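Enquirer: Based on what follows, work out the 3D shape:
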Amino acid sequence: MATHMFCDGIQRRDFLKVGALAGMGMSLPRYLAMTEEAGTAPNGKAKAAIFVRLAGGPSHMDSFDMKPEAPDTHRGEYKEIKTNVPGVRFCEHLPKLAKVADKFAILRGVHHTLAAHGLGSQYLSTGNRPLPSLQFPAYGAVVSKELGGPDNLPAFVAIPKQNVVKTGFLGVEYGPFETGAIPTAGQAMKVRGLALGNGVTLDDIQKRQNMLQRYDQAFGSFATEDKLLAGMDKFSQKAYAMMRSSKAREAFDLTRESASITRMFDEQAFSQSCLLATRLVQSGVKFVTLNIGGWDTHRDNFTKLKDNLLPQLDAGLSGLLQALESKGLLESTAVFVTGEFGRTPKINARGGRDHYPRAMFCLLAGGGIKGGQVIGKTDELGLSVAEDPVHINDFQATLLHCLGLDHTKLTYRHLGRDFRLTDVAGKVVRQILAEPGTL
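Expert: Prediction:
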């Protein structure tokens, strides 16, 4: 009996289905075909998380851990300013964050030992020390597997893309849906897979869906018994449902945001990405990653920070925290902000600072985190951790703990073996939690 195979082994029905969806200009069906609803996990304070990666490694000495009494070979060019938390001071180029310092906590004693961008980024993004023989999954992939997501939106979204690591040995089905673009202020965002192009309408897509249904009726159990085709049916239907879902489209449409929320952000790309992250979390997305790069300041450190990087971070992150609070989402959304390492306390000959994983900062907010506090302390030159050290594994354990996940119990079957998704060496930073004894 003929099976209607093409010369490359693709059955005619496969071709029909792929063609019907490709007409939308979509990457989404391909993504959804590898995405499955995951099981539930224990309840935590946070129901979602936003992870802001400061790619390149920001200087702790020029942001949240300044040393005004250090010699000029170390202290830098900036002045300190007061925050709305007594005794806590930040860099003068973070005035907006200084006004909302009560909404977040700062870890000043974070450290690890990997000073290369690639290795440090993998360590930061997975909480596992990189191995040449095994690729560990990013936090978003772990959360996607453990918590699942809404029916009409992905569990894990990256704006504009997930850099460095994605799913590792966990499998592509838990990978991020990448927007592929950064939102623009005052414009509806055309996200790959959700925007129709080339004159295609929803009526056209409905006709193609009807054609597929007629094919299924004609071939009866043959199509339904084939696991590959059955899987394509399932995920294509989900992709189609997302295309027709007004909730999915509106989640990415910044023009639908209220004026009171919109005015909390400036028009820079990072700020608009932060605004989009609040809408995605509000719509049910479990994990959102944002990237703001350029922190690799080996030269002209002070000019780059003052004129560009610090103002961007200040505007976007302060807007993010205030918008989440205004939406009633701050308590249920964990926000984590850091880079792959810090930068050397001593200024180099080019007016820059070099890679330095021995002392760095992390900013944490929402999701059970007690704001208005600073945990950890570096020495008078910012060279080493003097009090309350926090290893990068502790950072990971705390992030997952806020989402109700026990990092010591997460395993995944791969190649006939059980692999831990996380490094059990990490310890939850209990003192940063609003209710350290109960969460």
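
Enquirer: Tell me how many other residues crowd Arg263.
Expert: 10 (other Cβ atoms under 10 Å). For the C-beta atoms, the positions are set from N, CA and C on the backbone; glycine is no exception.

Enquirer: Next, the contact list for it, please.
Expert: Shown in contact with Arg263 (Cβ atoms under 8 Å, 6 or more residues apart in numbering): no residues.

Enquirer: So it versus Leu405, what's the distance?
Expert: 35 Å (Cβ to Cβ, to the nearest Å).

Enquirer: Also Leu275?
Expert: Leu275 is 27 Å from Leu405, by Cβ to Cβ.

Enquirer: cool, Ala181 as well?
Expert: Distance of Ala181 to Leu405, computed by Cβ to Cβ: 31 Å.

Enquirer: So which of the two has more stuff around it?
Expert: Leu405 (23 against 14).

Enquirer: Look up the pLDDT of the more buried one for me, please.
Expert: Listed pLDDT for Leu405 reads 95.

Enquirer: which residue ends up closest to the midpoint of this structure in space?
Expert: Thr289 (1.6 Å; Cα atoms, centre = their mean).

Enquirer: That one sits in which helix or strand?
Expert: strand 287-291 (DSSP states H and E).

Enquirer: Could I get the average pLDDT for that strand?
Expert: On average, strand 287-291 scores 96.

Enquirer: list the buried ones in the helix or strand that it is followed by?
Expert: Next along the chain after strand 287-291, taking DSSP H and E as the criterion, comes helix 301-304. Buried residues in helix 301-304, counting neighbours by 16 or more other Cβ atoms under 10 Å, are found at Asn301, Phe302, Lys304.

Enquirer: next one: stretch 267-281
Expert: So for stretch 267-281, counting by 16+ other Cβ under 10 Å, buried means 268-281.

Enquirer: Which pair of those spans the longest distance?
Expert: Maximum pairwise distance among these (Cβ to Cβ): 20.3 Å, between Gln268 and Val281.

Enquirer: Report how many residues lie close to Ser384.
Expert: If you count neighbours by other Cβ under 10 Å, Ser384 ends up with 13.

Enquirer: So what's the predicted local confidence for it?
Expert: 96.

Enquirer: close enough to count as contact, it and Gly376?
Expert: No - using Cβ atoms under 8 Å, Ser384 makes no contact with Gly376, being 11.4 Å away.

Enquirer: Show me where the stretch 1-150 of the chain has its helices.
Expert: In the stretch 1-150 of the chain, the segments counted as helices under DSSP state H, counting those that start in this stretch are 12-22, 28-32, 95-99, 117-126, 139-147.

Enquirer: Could you give the average pLDDT over stretch 50-69?
Expert: Stretch 50-69 shows a mean pLDDT of 98.

Enquirer: for that stretch, the distance to its chain's centre please.
Expert: Distance of stretch 50-69 from the chain centroid (Cα atoms, centre = their mean, to the nearest Å) equals 18 Å.

Enquirer: first to last residue in it, what's the distance?
Expert: End-to-end distance for stretch 50-69, by Cα to Cα, to the nearest Å: 35 Å.

Enquirer: And for stretch 346-357?
Expert: End-to-end span of stretch 346-357 (Cα to Cα): 14 Å.

Enquirer: Distance from the chain centre to it, please.
Expert: Mean-position distance between stretch 346-357 and its chain equals 28 Å (Cα atoms, centre = their mean).

Enquirer: so for that stretch, what's the average pLDDT?
Expert: Rounded mean pLDDT across stretch 346-357 is 98.

Enquirer: What is the neighbour count of the closest residue to Phe341 other than its chain neighbours?
Expert: Leaving aside its sequence neighbours, Phe341 sits nearest to Pro357 (Cβ to Cβ, 6 or more residues apart in numbering; 3.8 Å). Neighbour count of Pro357, defined by other Cβ under 10 Å: 23.

Enquirer: Likewise for Arg249?
Expert: Using other Cβ under 10 Å, the number of residues around Arg249 comes to 18.

Enquirer: what comes into contact with the helix or strand where it lies?
Expert: Using DSSP H and E, Arg249 falls within helix 246-251. Residues from elsewhere that reach helix 246-251, judged by Cβ under 8 Å, 6+ apart: Asn152, Leu153, Leu194, Met242, Arg256, Arg279, Leu280, Gln282, Ser283, Val285.

Enquirer: partners of Ile375 in the sheet?
Expert: Leu107 (DSSP bridges).

Enquirer: Kindly state the neighbouring-residue count (a burial measure) for Ser59.
Expert: 30.

Enquirer: what sits against it?
Expert: Ser59 neighbours (Cβ under 8 Å, 6+ apart): Gly76, Trp295, Thr297, Asn301, Leu305, Gly342, Arg343, Arg353.

Enquirer: What does it show for phi and psi?
Expert: Here the main-chain torsion angles of Ser59 (degrees, to the nearest 10) amount to phi -80, psi 120.

Enquirer: where's it relative to Glu77, distance?
Expert: In terms of Cβ to Cβ, Ser59 sits 11 Å off from Glu77.

Enquirer: residues touching Lys327, list them.
Expert: By Cβ under 8 Å, 6+ apart, Lys327 lies in contact with Ile261, Thr278, Gln282.

Enquirer: Helices of the stretch 251-400 of the chain, start to end?
Expert: Under DSSP H, counting those that start in this stretch, the stretch 251-400 of the chain gives helices at 259-262, 269-283, 301-304, 310-326, 392-402.

Enquirer: quick one: low-confidence parts of the chain?
Expert: 1-44, 192-245, 436-439 (pLDDT under 70).

Enquirer: the domain parsing of it - what is it?
Expert: Domain ranges of the chain: 1-32+195-246, 38-192+252-432, per automatic domain parsing.

Enquirer: Out of the ones you listed, which one sits most buried?
Expert: domain 38-192+252-432 (a mean of 20; mean count of other Cβ atoms under 10 Å).

Enquirer: where's it relative to the chain centroid, distance-wise?
Expert: With Cα atoms, centre = their mean, you get 8 Å for domain 38-192+252-432.

Enquirer: pretty sure Pro150 contacts Val281?
Expert: No - using Cβ under 8 Å, Pro150 makes no contact with Val281, being 11.0 Å away.

Enquirer: coming back round to it: just send the helices of the stretch 251-400 of the chain back as JSON lines, with distance to Leu97 too.
Expert: JSON lines is the format used below for the helices of the stretch 251-400 of the chain (distance: least, Cβ to Cβ, whole Å):
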{"stretch": "helix 259-262", "distance to Leu97": "18"}
{"stretch": "helix 269-283", "distance to Leu97": "13"}
{"stretch": "helix 301-304", "distance to Leu97": "18"}
{"stretch": "helix 310-326", "distance to Leu97": "5"}
{"stretch": "helix 392-402", "distance to Leu97": "19"}
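
Enquirer: Of the ones you listed, give the one that comes closest to Arg129.
Expert: Nearest of those (Cβ to Cβ): helix 392-402, 8.5 Å.
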